[in-house]
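In: Dropping a prediction and its sequence here:
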Amino acid sequence: MGKNEDIIAVRVHGVTADPTTNQFLMLLIDDVGKRLLPIVIGQWEAQSIAWNMQGIEMQRPLTHDLFKEMLDTAHLKIARILINELKENTFYAQIALEENEKTIDIDSRPSDAVAIALRVNAPIFVSETVIDKAAVKIDDESQIAASELTLLTEQLQRAIDNEDYEQAAILRDKINEINDKDGNIDPTKEAPDNN
């Protein structure tokens, strides 16, 4: 990426499962240009991002939590995350780490960079070139909410199957929050009996 290339601020909408490929997608949104950038990520990174966005704290730190603790202990700050390249269907990212008024760019997978950025409230950017190559135009977020509901419903069923009722309650509340916001019907509730 060239030094003068434009970068676009994005926000993490969430993660979802692609039902056609059974892969997890991290969904980044460019609110200004109304574009959605889906990036295929691993299951563990998807869980780490989702749990952080849902406010779920683990009893022991996950890898991304540990990285945050190391940064805090060393008094280092992440200036920004930049998803800067797309080569042969692989996305690349850089974590801009600030130390003593110097910036050090660290190569990273986008999923790890975003998971860490969420934990330290660092801004996330994508190069204009990557956006142009891989983003899709969106009209509204209701298209995305349906995919997120599918993923959350699957996670809810797994939590129930594993008898993790605390996690199930958190997922149920997230599903209800999305449904209330979008006016959707909750797939975890039975339809009212009109007889």
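Out: Sure thing, it's come through. Keep in mind that what you see is a predicted model, and the values were worked out from it rather than measured.

In: I'd like the distance from the helix or strand containing residue 116 to the chain centre, please.
Out: Per DSSP states H and E: residue 116 is located in helix 110-120. Mean-position distance between helix 110-120 and its chain equals 8 Å (CA atoms, centre = their mean, to the nearest Å).

In: residues making contact with it?
Out: Residues from elsewhere that reach helix 110-120 (CB atoms under 8 Å, 6 or more residues apart in numbering): 12, 26, 28, 39, 41-42, 45-46, 48-49, 52-53, 64-65, 67-68, 71, 77-78, 81, 83, 91-95, 122-124. The way it works is simple: take the backbone N, C-alpha and C, and place the C-beta from them, glycine included.

In: tell me the mean pLDDT for that helix?
Out: Averaging pLDDT along helix 110-120 yields 95.

In: Can you list the residue ranges for strands in the chain?
Out: For the chain, the strands defined by DSSP state E occupy 7-18, 23-30, 35-41, 77-87, 90-99, 102-108, 124-127, 136-137.

In: For the chain, give me the ranges with low pLDDT.
Out: Low-confidence segments of the chain, defined by pLDDT under 70: 1-4, 19-20, 140-151, 154, 181-195.

In: The same query, at a cut-off of 50, please.
Out: Scanning the chain for pLDDT under 50 picks out the ranges 1-2, 184-195.

In: partners of the residue lying closest to residue 107 once chain neighbours are set aside in the sheet?
Out: Sequence neighbours aside, residue 94 is the residue nearest to residue 107 in space, at 6.3 Å (criterion: CB to CB, 6 or more residues apart in numbering). For residue 94, the beta-bridge partners under DSSP bridges are residue 82, residue 107.

In: Check residue 8 too.
Out: Counting by DSSP bridges, residue 8 is bridged to residue 126.

In: burial count for the residue nearest to residue 54 when sequence neighbours are not counted?
Out: Nearest residue to residue 54 in three dimensions, chain neighbours excluded: residue 174, at 5.7 Å (CB to CB, 6+ apart). Residue crowding around residue 174 was assessed by other CB atoms under 10 Å; the count is 21.
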